[in-house]
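[1] below are the sequence and a predicted model; questions follow.
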Amino acid sequence: MVKQMPPYTYIENLPSQVGQEVTLRGWLYNKRSSGKVRFLILRDGTGLVQGVMVKNKIPEEDFAAFDRLTQESSLSVSGVVRAEPRAPGGYELDLTAVQPLHLAQEYPIAPKEHGIDFLLNHRHLWLRSPRQQAILRVRDAISRACREFFSGRRFILVDTPIFTPTVCEGTTTLFATDYFGERQAYLTQSGQLYLEAAAMALGKVYCFGPTFRAEKSKTRRHLTEFWMLETEIAFAELPDILELAEALICHLVGQVLAHRRTELTLLERPLAPLEAIQPPFPRLTYSEALERLAAGGHELAWGDDLGAPEETFLSQAFDRPVMITHYPKECKAFYMKPDPADPRTVLCVDVLAPEGVGEIIGGSQREDNLSALQDRLREHNLPPEPLEWYLDLRRYGSVPHSGFGLGLERLVAWICGLHHVREAIPFPRLMDRLTP
Ligand code: 4AD
Ligand code: MG
């Protein structure tokens, strides 16, 4: 008689199935044997569990299958769930059946140290490692928390285009692509300009999607394709978005601490610095930042942009993110509104994460006056024609408005304690990497 298959489950459900016979499907993470007992560790994407095989308590054929199972072979196993505090995950299976599904060829990623290039070349397989899985789970939790934060505050999600006719953040990092042999299209650097139009329709909006920058720099903070969470709010001024950015970061860190502690622990990420992330965040103007930098031996002339060493210095001076406002307008994009109190500066903010990660948020109040914006375009040598539609927003019921963008990978890198953003995205795109 054919034995009926016990119900399929996932490793994450085992705590509620103690004493029951269940079936799991997954991949062989590891195995070992000692005398008449064989141990295999299975992973199924939701966790790891050890299965124990004892000769004569499992069909002969299933027992023999153990020897053929190679690392990362796929298999289905049945067994009775038992609480076992010493086992990884806290549960074990007394196996009643083991069925190989596909025997893996010799797996290229052995449990030894590999170089970063090798691992990146095998990114499609590297994702299976516990560390990379943990990072992806944290990223998932952050993405979900981003949407919850904004929809909970009744912001409307507006999807902005990827193909765009023109620049948003500076001509030097545009990716151009041929558009039917008739014209050039550019991959979007930011959804902001479209989000501004949407804010004039819906009031409070956000977008969350991939953005592209032809960054010719190989740093630990730059990707050529990265995800940005952006928001835009009609009638908001600079102080309003400082408060919103602070609340957003606290919410995201809080959600990861609440739901992804196991992953942070696996990543050996110290939790205390994350637990310190509470409002209020320190706020400094650019000029105040220059004074602090000079006192710390980093002399900059007024007007110079902050580079990575300066950002690192400033971010290490505080135990929570620091908000730097009022940069010289030469350092910033054309759409930022000059400060009426000091028109050499703009009403902008950069939020620097602590622990040396650097800028995670950039935002500003937008220039809402038509002729002032036209002047800014001229100063930046940007032709107005492709941006006429954007200028229309200043022709038909212009209002003060502000917004910001948060770089997802930099946030993930900070929260996970990663040195480089390339591990914070499933398939990183870098100046010298387009595969896999
Ligand atoms: O400061 P940025 O350039 O601001 C904007 O794009 C605005 N239009 C956003 C807005 O106001 N709606 O970029 C915002 C954030 C940065 O703070 C950083 O976290 C991230 O995007 N970022 C990058 N992340 C990874 N790789 C890159 N090459 C990045 N460039 C920017
Ligand atoms: Mg910026």
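    Thanks, I have the structure now. Ligands and ions are numbered 1, 2, ... in the order given.
[2] residues contacting residue 37?
    Neighbouring residues of residue 37 by C-beta atoms under 8 Å, 6 or more residues apart in numbering: 52-55. C-beta: built from backbone N, CA, C; applies to glycine.
[3] next: residue 226.
    If you count contacts by C-beta under 8 Å, 6+ apart, residue 226 has them with 210-211, 213, 407-409, 421, 425.
[4] counting by contacts, list what the helix or strand hosting residue 95 packs against.
    Here residue 95, judged by DSSP states H and E, is contained in strand 91-102. If you count contacts as 3 or more C-beta pairs under 8 Å, 6 or more residues apart in numbering; DSSP states H and E, strand 91-102 packs onto strand 21-34, strand 48-54, helix 60-68, strand 74-83.
[5] one step back: just the buried residues of the contacts of residue 37.
    52-53 (16 or more other C-beta atoms under 10 Å).
[6] in CSV: the contacts of residue 37, plus pLDDT.
    Shown next, in CSV, are these (pLDDT from 0 to 100):
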residue, pLDDT
52, 97
53, 97
54, 96
55, 93
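[7] just to revisit the earlier point, near ligand 1, from the contacts of residue 226?
    Among the contacts of residue 226, the residues that sit close to ligand 1 (C-beta under 6 Å from any ligand atom) are 213, 407, 409, 421.
[8] which one of those is nearest to residue 139?
    residue 409 (8.3 Å; C-beta to C-beta).
[9] what does the chain put close to ligand 1?
    Selection of the chain residues close to ligand 1 by C-beta under 6 Å from any ligand atom yields 168-169, 190, 192, 213, 215, 222-223, 226, 228, 230, 359-363, 403-405, 407, 409-410, 421.
[10] ok, now with 5 Å
    169, 190, 192, 213, 215, 222-223, 226, 230, 359-360, 362-363, 403-405, 407, 410 (C-beta under 5 Å from any ligand atom).
[11] helices along the stretch 201-350 of the chain, start to end?
    238-259, 261-266, 272-275, 286-295, 308-316 (DSSP state H, counting those that start in this stretch).
[12] residue 401 and ligand 1, how far apart?
    Remark: distance between residue 401 and ligand 1 (C-beta to the nearest ligand atom, to the nearest Å) = 11 Å.
[13] could I get the contacting residues of that residue?
    Here residue 401 is in contact with 196, 199-200, 232-236, 365-366, 368 (C-beta under 8 Å, 6+ apart).
[14] grab the nearest non-local neighbour of it.
    Spatial nearest neighbour of residue 401, chain neighbours left out: residue 234 (4.9 Å); criterion: C-beta to C-beta, 6 or more residues apart in numbering.
[15] burial of that neighbour, as a residue count?
    Residue 234: 19 surrounding residues under other C-beta atoms under 10 Å.
[16] beyond the strand holding residue 95, next helix or strand please.
    Per DSSP H and E, the first helix or strand lying C-terminal to strand 91-102 is helix 116-121.
[17] tell me the buried residues in that next one?
    119-121.
[18] closest one of those residues to ligand 1?
    Closest approach to ligand 1 among the buried residues of helix 116-121 (C-beta to the nearest ligand atom): residue 120, at 16.2 Å.
[19] who's in contact with that closest one?
    Going by C-beta under 8 Å, 6+ apart, residue 120 touches 126, 422, 428, 433.
[20] please redo it, this time with the cut-off set to 10 Å
    Going by C-beta atoms under 10 Å, 6 or more residues apart in numbering, residue 120 touches 114, 126, 422-423, 427-428, 430, 432-433, 435-436.
[21] domain-wise, how is this protein divided?
    Per automatic domain parsing, the structural domains of the chain span 11-102, 121-424.
[22] ok so, going back, quick one: which of the ones next to ligand 1 among the contacts of residue 226 is most hemmed in?
    Of all the ones next to ligand 1 among the contacts of residue 226, the highest neighbour tally under other C-beta under 10 Å goes to residue 407, namely 26 neighbours.
[23] ok, that residue - contacts?
    With contact set as C-beta under 10 Å, 6+ apart, residue 407 has these partners: 211, 221-223, 226-229, 353, 357-362, 413-414, 421, 424.
[24] one more pass at 6 Å, please.
    Contacts for residue 407 (C-beta atoms under 6 Å, 6 or more residues apart in numbering) come out as 226, 228, 360.
[25] okay, those residues in JSON lines with distance to residue 16 and pLDDT next?
    Compiled in JSON lines, the contacts of residue 407 are given as follows (distance: C-beta to C-beta, whole Å; pLDDT from 0 to 100):
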{"residue": "226", "distance to residue 16": "39", "pLDDT": "98"}
{"residue": "228", "distance to residue 16": "39", "pLDDT": "98"}
{"residue": "360", "distance to residue 16": "38", "pLDDT": "98"}
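[26] closest to residue 160 out of these?
    Distances from residue 160 to the contacts of residue 407, taken by C-beta to C-beta, are shortest for residue 228, at 10.0 Å.
[27] shouldn't residue 274 be in contact with residue 252?
    No: look at residue 274 against residue 252 with C-beta atoms under 6 Å: they stay out of range, at 10.3 Å.
[28] mean pLDDT for the helices of the stretch 201-350 of the chain - can I get that in a markdown table?
    Converted to a markdown table, the helices of the stretch 201-350 of the chain look like this (pLDDT from 0 to 100):
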| stretch | mean pLDDT |
| --- | --- |
| helix 238-259 | 98 |
| helix 261-266 | 97 |
| helix 272-275 | 97 |
| helix 286-295 | 97 |
| helix 308-316 | 93 |
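[29] tell me what the closest residue to residue 329 other than its chain neighbours is bridged to.
    In space, residue 329 comes closest to residue 346 once its chain neighbours are excluded; the distance is 4.7 Å by C-beta to C-beta, 6+ apart. Beta-bridge pairing of residue 346 under DSSP bridges involves residue 338.
[30] residues near residue 346, how many?
    By other C-beta under 10 Å, 27 other residues sit near residue 346.
[31] in the stretch 251-400 of the chain, what residue comes closest to ligand 1?
    The minimum distance from the stretch 251-400 of the chain to ligand 1, using C-beta to the nearest ligand atom, falls at residue 362 (2.3 Å).
[32] where does that residue fall, secondary structure wise?
    Using DSSP H and E, residue 362 falls within strand 358-365.
[33] got the buried residues for the helix or strand that comes right after that strand?
    Following strand 358-365 in sequence order, the next helix or strand is helix 370-379 (DSSP H and E). Within helix 370-379, the residues that count as buried by 16+ other C-beta under 10 Å are 373, 376-377.
[34] with stretch 237-252 instead?
    Buried residues in stretch 237-252 (16+ other C-beta under 10 Å): 238, 241-242, 244-246, 248-252.
[35] wait, is residue 194 part of a helix?
    Yes: Residue 194: assigned to a helix according to DSSP: H, G, I helix; E, B strand; the rest coil.
[36] kindly reformat the helices of the stretch 201-350 of the chain as CSV containing distance to residue 22.
    Below are those laid out as CSV (distance: least, C-beta to C-beta, whole Å):
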stretch, distance to residue 22
helix 238-259, 25
helix 261-266, 22
helix 272-275, 35
helix 286-295, 58
helix 308-316, 48
